[in-house]
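Asker: heads up, no residue letters with this:
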């Protein structure tokens with residue numbers, strides 16, 4: 001990794017001195033991080049242990065859970081350290097590493113949600129062909145491609161940005177931010193900005209298209225199953241917006257917490273009898 005030889009660290013100026021309140025912020029942040037770790041890790045254990053959950057939809061969920069652990073681990077330990085620290089300086093190498101981690105996490109998240117929406121589209125709109133379209137092999141390929149694509153795509157933008165000569169080292173943020181680092185450059189950043197904009201479009205727009213397509217089709221199927229003729233035009237519009245915008249965001253929750261297989265898996269893995277047998281063994 002190449003870093004400007006005259007720049008060894010960045011300063012995060014968004015942190016303010018809050019006295020003893022920093023311990024409260026530390027506890028709240030640590031509690032949130034702990035919840036994220038416990039929830040995602042326990043779901044992963046349940047899915048891995050129960051063979052009945054080794055299906056495409058749960059494999060996509062596993063990919064999403066692993067990415068949540070990856071992204072949160074790239075952010076929360078750093079925040080916890082900075083909250084307690086009185087000197088908010090970050091080694092340049094670590095700052096660039098955090099940028100790469102957080103941006104690849106965001107891209108994997110969007111791509112994973114897009115693949116999960118397609119999985120739900122096939123399951124709801126083509127239920128008889130679901131097992132043919134979403135085989136184990138295709139599922140593994142989907143997951144492998146979305147992770148590989150996400151890491152390689154940002155590697156180009158990242159390589160351009162990390163070579164920029166920088167004239168400053170102060171970032172007005174709580175963590176290392178790619179755009180704010182580029183703003184410190186002394187040279188022309190037109191190429192970087194173009195690639196950055198192109199990368200943002202690929203990160204957001206490309207996954208958004210299959211999400212919109214999938215849930216539009218799902219909405220049509222739901223409308224055909226339920227009589228909505230008596231509903232007002234405004235209510236129908238709100239329902240449409242719900243299925244197109246809110247539903248994709250709730251997909252991980254729907255996958256993880258509203259399925260009987262997941263709930264039964266939790267009971268079988270974390271029940272008192274199971275824990276007792278494991279302890280006795």
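Answerer: Looks like it arrived, so ask away. Quantities reported herein were computed from a predicted structural model and do not represent experimental measurements.

Asker: Going by residue numbers, what spans are strands in the stretch 151-281 of the chain?
Answerer: Ranges of strands in the stretch 151-281 of the chain, per DSSP state E, counting those that start in this stretch, are 170-171.

Asker: Sketch out the low-pLDDT regions of it for me.
Answerer: Applying pLDDT under 70 to the stretch 151-281 of the chain flags the ranges 219, 221, 223-267, 269-281.

Asker: wait, isn't residue 11 in contact with residue 169?
Answerer: Yes - with contact defined as CB atoms under 8 Å, residue 11 and residue 169 form a contacting pair (5.8 Å). Where you see a C-beta, it was placed from the backbone N, CA and C, and this is true even at glycine.

Asker: between these two, who's got more neighbours?
Answerer: residue 169 (18 against 14; other CB atoms under 10 Å).

Asker: what's that one in contact with, if anything?
Answerer: With contact set as CB atoms under 8 Å, 6 or more residues apart in numbering, residue 169 has these partners: 7, 9-11, 92, 184.

Asker: Is the residue lying closest to it once chain neighbours are set aside within a helix or a strand, and which one?
Answerer: Excluding the flanking residues, the one nearest residue 169 by CB to CB, 6 or more residues apart in numbering is residue 10, at 5.0 Å. Assigned by DSSP states H and E, residue 10 belongs to strand 9-12.

Asker: what helices or strands is that strand leaning on?
Answerer: In this structure, strand 9-12 makes packing contacts with strand 89-91, helix 92-125, strand 170-171, judged by 3 or more CB pairs under 8 Å, 6 or more residues apart in numbering; DSSP states H and E.

Asker: please redo it, this time with the cut-off set to 6 Å
Answerer: When contacts are defined as 3 or more CB pairs under 6 Å, 6 or more residues apart in numbering; DSSP states H and E, strand 9-12 packs onto strand 89-91, strand 170-171.

Asker: Enumerate every residue touching residue 34.
Answerer: Neighbour list for residue 34: empty [criterion: CB atoms under 6 Å, 6 or more residues apart in numbering].

Asker: how far off helix 92-125 does the strand or helix carrying residue 145 point, in degrees?
Answerer: For residue 145, the element it lies in under DSSP H and E is helix 136-162. Counting by axes from the mean of the first three to the mean of the last three CA atoms, to 10 degrees, helix 136-162 lies at 150 degrees to helix 92-125.

Asker: where's helix 136-162 relative to the chain centroid, distance-wise?
Answerer: Relative to the mean C-alpha coordinate of its chain, helix 136-162 is positioned 14 Å out (CA atoms, centre = their mean, to the nearest Å).

Asker: And for stretch 207-225?
Answerer: 22 Å.

Asker: May I see the buried residues of that stretch?
Answerer: Within stretch 207-225, the residues that count as buried by 16 or more other CB atoms under 10 Å are 207-208, 210-211, 214-215, 217-219.

Asker: do the same with stretch 14-24
Answerer: Neighbour-count burial for stretch 14-24 [16+ other CB under 10 Å]: 15, 22.

Asker: got the contact list for it?
Answerer: Under the contact criterion CB under 6 Å, 6+ apart, stretch 14-24 has outside partners 83, 88, 172-174.
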